[in-house]
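S.K.: Below are the sequence and a predicted model; questions follow.
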Amino acid sequence: MIMSKTPFRLSFVGGGTDFPDFYRKEGGGVISTTINKYVYVGVHPSFNGKIRLQYSVFEEVENVEDIQNTRIRECMKKTEVDGGIELHFLSDIPTKVGLGGSSSFTVGLLNALYAYKGKIARPETLAKEACEVEINALREPIGKQDQYISAYGGFKYIQFNRDDSVLLNHLILNCELRGELEKRLLLFYTGITRDASSVLTDQKKNIKKEREYNSLKKLNELTMEVRKYLGKEDISRFGEMLHEGWKLKKSLSKKISNSEIDKYYEKALNLGAKGGKIAGAGGGGFLLLYCEPEKQENLRRGLNDIKETPFRFTFEGSNIIYVE
């Protein structure tokens with residue numbers, strides 16, 4: 001029995017600059033962190049020699065090519081695991097909520113399958129092969145940030161270079177400052193699920209338009225500013241920077257926000273939040289807010305119709321946590 005544990009992530013600023021159509025011209029960057037919410041993948045030999053899969057549905061097939069779940073099928077092909085296994089999946093967070101769950105699932109599955117074969121997969125291997133599965137094999141309209149942060153973990157600036165290489169830079173905050181930032185960040189589940197592919201397809205298409213392309217350039221510049229600002233160990237303007245980033249993000253596609261999300265966000269600002277954003281591609285999922293501690297109870301009372309989800313920053317990426 002093998003079990004992997006892979007974190008979800010929160011992306012603060014820079015999302016969209018990890019699309020090849022942009023970073024191959026301008027270079028891109030995202031500031032992101034892993035959090036203490038996880039997807040777990042268990043691998044076990046099957047008794048009858050078939051492939052048994054238990055996720056939101058149950059599958060039992062003879063051959064890899066017969067697997068209906070395309071993500072599982074491509075990961076098994078990538079790792080050359082051809083049958084005789086059971087796969088089980090558990091998650092702390094529901095799907096389609098903007099915390100990078102799809103890529104966490106892919107990275108964790110690759111990690112577990114390699115461990116099942118007796119191989120240790122380095123974070124770089126997991127991130128690159130997750131990109132190959134999701135972007136090349138499955139043709140998903142996504143960038144590279146989620147695969148890398150879930151594989152490596154931590155609070156990072158992820159740099160996307162024109163030559164397609166990716167560099168990960170630690171954002172070093174002292175323990176006290178990191179704790180103060182955590183205290184000021186609140187995460188609320190709006191209850192709105194969305195199809196990220198639809199949002200991202202529209203956003204990717206719009207990169208070719210001058211207005212949206214210029215917004216991405218400004219977002220890229222803001223990301224560099226936030227990186228420099230955090231390097232000075234000062235978080236006093238972090239909320240305002242999130243707000244500025246959210247305004248730029250919304251301008252990339254009409255599908256990123258909607259009237260219900262705008263209602264919650266404006267209400268949060270009126271209740272004392274300094275800024276925030278919808279996590280991930282947009283369109284629904286989790287609302288991240290920055291709010292000073294003395295105003296948080298008022299904010300919670302005002303947003304009592306949506307569920308708060310406490311979280312902490314974490315520093316490890318995908319791990320094998322059980323082997324027997």
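M.R.: Yes, it's here.
S.K.: where does G276 fall, phi/psi-wise?
M.R.: Backbone torsions of G276, given as degrees, to the nearest 10, read phi 170, psi -160.
S.K.: Report the beta-bridge partners for it.
M.R.: Taking DSSP bridges as the rule, G276 bridges to L289.
S.K.: Determine the set of other helices and strands touching the lowest-mean-pLDDT helix or strand in the chain.
M.R.: Using mean pLDDT, DSSP states H and E, helix 196-206 stands out as the lowest-scoring helix or strand of the chain, at a mean of 75. Helix 196-206 is packed against no helix or strand, with contacts defined by 3 or more CB pairs under 8 Å, 6 or more residues apart in numbering; DSSP states H and E. No exception for glycine: its C-beta is placed from N, CA and C like everyone else's.
S.K.: report the longest helix in this protein, please.
M.R.: In the chain, with assignment by DSSP state H, the single longest helix is helix 210-231.
S.K.: Could you list the domains of the protein?
M.R.: Residue ranges for the domains of the chain, per automatic domain parsing: 2-172+314-323, 175-312.
S.K.: Which one of those has the poorest average confidence?
M.R.: Note on the domains of the chain: lowest mean pLDDT is at domain 175-312, with a mean of 90.
S.K.: Endpoints of it, how far apart?
M.R.: One end of domain 175-312 to the other measures 13 Å (CA to CA, to the nearest Å).
S.K.: same thing with stretch 161-177?
M.R.: Start to finish, the residues bounding stretch 161-177 are 30 Å apart (CA to CA).
S.K.: And that stretch, what's buried?
M.R.: By neighbour count on 16 or more other CB atoms under 10 Å, the buried set for stretch 161-177 is V166, L168, L171, L173.
S.K.: Ok, stretch 253-265 next?
M.R.: Under the neighbour-count criterion of 16+ other CB under 10 Å, stretch 253-265 has S253, K255, I256, S257, I261, Y264, Y265 buried.
S.K.: In three-state terms, label the second one for me.
M.R.: Three-state call for K255 (DSSP: H, G, I helix; E, B strand; the rest coil): coil.
S.K.: For the closest residue to it other than its chain neighbours, grab the count of nearby residues.
M.R.: Leaving aside its chain neighbours, K255 sits nearest to V199 (4.6 Å; criterion: CB to CB, 6 or more residues apart in numbering). Using other CB atoms under 10 Å, V199 has 24 neighbouring residues.
S.K.: Likewise for A268?
M.R.: Taking other CB under 10 Å as the neighbour definition, A268 ends up with a count of 23.
S.K.: now swap in F311 and tell me
M.R.: 21.
S.K.: Does it touch F188 like I think?
M.R.: No: contact between F311 and F188 fails when scored by CB atoms under 8 Å: they sit 11.2 Å apart.
S.K.: So what's the residue count around N304?
M.R.: Applying other CB under 10 Å, we find 9 residues neighbouring N304.
S.K.: Could you grab the helix/strand/coil label for it?
M.R.: N304 is classified as coil under three-state DSSP.
S.K.: S11 falls within a helix, correct?
M.R.: No: going by three-state DSSP, the assignment for S11 is strand, not a helix.
S.K.: And the helices in the stretch 101-250 of the chain, which stretches?
M.R.: Remark: helices assigned in the stretch 101-250 of the chain by DSSP state H, counting those that start in this stretch are 101-116, 123-131, 145-152, 175-184, 196-206, 210-231, 238-250.
S.K.: which one of those is the most hemmed in?
M.R.: Here the criterion is mean neighbour count by mean count of other CB atoms under 10 Å, and of those the winner is helix 145-152, at a mean of 29.
S.K.: counting contacts, what elements does it pack onto?
M.R.: Packing contacts for helix 145-152, counted by 3+ CB pairs under 8 Å, 6+ apart, involve strand 2-13, strand 28-45, helix 101-116, helix 123-131, strand 155-160, strand 166-170.
S.K.: Show me what Y38 bridges to in the sheet.
M.R.: Beta-bridge partners recorded for Y38 (DSSP bridges): P7.
S.K.: separation between it and R9?
M.R.: According to CB to CB, to the nearest Å, Y38 and R9 sit 11 Å apart.
S.K.: any residues touching stretch 239-253, and which ones?
M.R.: With CB atoms under 8 Å, 6 or more residues apart in numbering as the test, stretch 239-253 has contacts from 12-16, 184, 199, 202-203, 206, 211-212, 215-216, 218-219, 222-223, 225-226, 229, 256-257, 265, 269, 273-278, 282, 288, 290-291.
S.K.: sorry, back to before: looking at Y38 and R9, which is more packed in?
M.R.: The neighbour comparison of Y38 against R9 (other CB under 10 Å) goes to R9, with 27 against 22.
S.K.: how distant is stretch 138-146 from the center of its chain?
M.R.: With CA atoms, centre = their mean, to the nearest Å as the basis, stretch 138-146 stands 11 Å off its chain's centre.
S.K.: quick one: terminal-to-terminal distance for that stretch?
M.R.: 16 Å.
S.K.: swap in stretch 171-187?
M.R.: Calculated as CA to CA, the first-to-last residue distance of stretch 171-187 is 21 Å.
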